[in-house]
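Q: Provided below for reference: sequence and predicted model.
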Amino acid sequence: MKLPDPTVWRTSPFIDFSSYVGRPETVDAELEHIREQLRRTLDGRIFEREGLAWYRRAYVEAFLFMYDTCFYDRNAGRYRIDEILDDGEREFGGYDFIMLWQSYPRLGIDGRNQIDFYRDMPGGLPGLRTLTERAHERGVRVFVSYNPWDIGTRREAGVGPSADPRGYRYTFSEKGAPALADAEALAVLIEAIGADGVFLDTMAFDDPGFRAPLERTNPHVVFNPEGVPPLDALNSITGSWLPHSALAPPKLSTIRWLEPRFSFRAIDRESLDRRAYIQEAFFHGCGLVVWENIFGWWNPWSSEERALLRRCVRLLREYAEAFQDPDWQPYVATHVEGVYAHRWHLGDVTVHTLLNASGGPVDAPVLTVPSATEGGLELGHYDVWQDMEIQPK
């Protein structure tokens, strides 16, 4: 079995793990050596920040289109934040954070910029702060959105080259990264409403220095990019969306393998049947984005999808520490072709996630594990999906 070139995996966001499914222990040891080599090239100190610890367990994100009538009750003149969070608890297992989307497809209809669209919501920024405070009271964080492509609208007064001695300007770098002056305006918004993080629309990483203005207003601000970041961005990015296309076995996220504290949430906004990618996300120990109003196109989750997500979320939270195990083993051996297994550890508990991609039902031995009497061990075996103790054969 040919082992990979670590320099190739270092620059690849996803790994084709097909050659290493059910590998022997000797190959597993070599892969562990490669993993440690690659880890030494990363700066993961940001994952040690206590103020960001909650984000490692952020399994459910709600994408809220702010012009939806379920978001604001025009007749009563109030935000429906409690109804939204009640629905999240009842239908989706509870949101860890909500993201307030304000711009597209309205941005550009006039001279207002992306910050103006927050200001123009009912009650202005104080109204949104009240909404944020209510979400915080219920244990839910609030994110705002940043659109780096907002370059044709008005610029913020008091921010820019005339007011900033560092001379930052509203221009893109050659790589298309956001202008640093935008970060100053965004910091004002975050401070005004008490936001916990920023969704980086169309981005996979932040511009150097983009974090500093935001951390002056919130030292624990979270960046949540749409794209999967390169490994070098892990010094400032601790989570992102994960496209459905990256989940199908035997694919493996390089970040998931190297830094399991990274907070992934799977997304497929156009899917009319989400069951497959809900299962695949759970298999990889990842959360999901709940998004039903797609900029005005209503794509609701079915009752089956909601029930499936609730069950997955309950187990993700129950075994959250295991799903952050730095020594976890992807694609361990199974006895059925097309049935895949990951192995995770939490103290004296071993957790397996299983995925049946064989194309049909399986009623045969699937996995070899230590028996309750092996080596004098006292072991219990549990099917936590069905919430029952089992007696393996």
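A: That came in fine, so what should we check first?

Q: Can you tell me the element Arg343 falls in?
A: strand 339-346 (DSSP states H and E).

Q: if we look at that strand, which residues are touching it?
A: The contact list for strand 339-346 (C-beta atoms under 8 Å, 6 or more residues apart in numbering) reads 21, 249-250, 283-285, 319, 321-323, 325, 327-334, 350-358, 362, 366-367. C-betas here are computed from N, CA, C, even on glycine.

Q: Could you tell me which of the residues you listed count as buried?
A: Among the contacts of strand 339-346, those buried by neighbour count (16 or more other C-beta atoms under 10 Å) are 21, 249, 283-285, 319, 322-323, 325, 328-332, 334, 350-351, 353-356.

Q: thinking again about what came up before, among the contacts of strand 339-346, which are in helices?
A: Phe283 (DSSP state H).

Q: SS state for Asn224?
A: strand (DSSP: H, G, I helix; E, B strand; the rest coil).

Q: and it, what is it in contact with?
A: Glu61, Met99, Phe143, Gly197, Val198, Phe199, Leu200, Gly239, Ser240, Trp241.

Q: So what's the residue count around the second one?
A: Number of residues near Met99 (other C-beta atoms under 10 Å) recorded here: 23.

Q: Surely it is in a strand?
A: Yes: judged by three-state DSSP, Met99 forms part of a strand.

Q: That one contacts Glu61, doesn't it?
A: Yes: with contact defined as C-beta atoms under 8 Å, Met99 reaches Glu61; the gap is 6.2 Å.

Q: how close does the nearest residue to Thr41 once chain neighbours are set aside get to Leu252?
A: Distances taken as C-beta to C-beta, 6 or more residues apart in numbering put Arg10 closest to Thr41, at 6.7 Å, once the chain neighbours are dropped. Arg10 sits 14 Å away from Leu252, going by C-beta to C-beta, to the nearest Å.

Q: Check Pro225 too.
A: From Pro225 over to Leu252 (counting by C-beta to C-beta), the distance is 20 Å.

Q: burial of Ser19, as a residue count?
A: A count of nearby residues for Ser19, using other C-beta under 10 Å, gives 14.

Q: My read is that it contacts Leu31, right?
A: No: Ser19 lies out of contact with Leu31 (C-beta under 8 Å); the separation is 10.5 Å.

Q: ok, which stretches of the stretch 201-350 of the chain are strands?
A: With DSSP state E, counting those that start in this stretch as the criterion, the stretch 201-350 of the chain has strands at 222-225, 239-243, 251-253, 263-267, 287-290, 293-294, 297-298, 339-346, 349-356.

Q: Partner strands of the first one and their direction?
A: Next to strand 222-225 in the sheet, as set by DSSP bridges, lie strand 197-200 (parallel).

Q: again, but for the fourth one
A: In the sheet containing strand 263-267, the strands it pairs with under DSSP bridges are strand 239-243 (parallel), strand 287-290 (parallel).

Q: ok so, going back, of all the strands of the stretch 201-350 of the chain, which lies closest to Arg314?
A: Ranking these by proximity to Arg314 (C-beta to C-beta) places strand 287-290 first, at 12.1 Å.

Q: CA atoms only for that closest one, dumped as CSV, please.
A: The C-alpha coordinates for strand 287-290 follow below in CSV (Å, rounded to 0.1, in the frame of the first residue of the first chain):
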residue,chain,number,x,y,z
GLY,A,287,-23.2,19.7,12.3
LEU,A,288,-25.5,21.2,9.8
VAL,A,289,-26.9,24.6,8.6
VAL,A,290,-30.7,24.9,8.8
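
Q: Since that was my last question, I'll sign off now.
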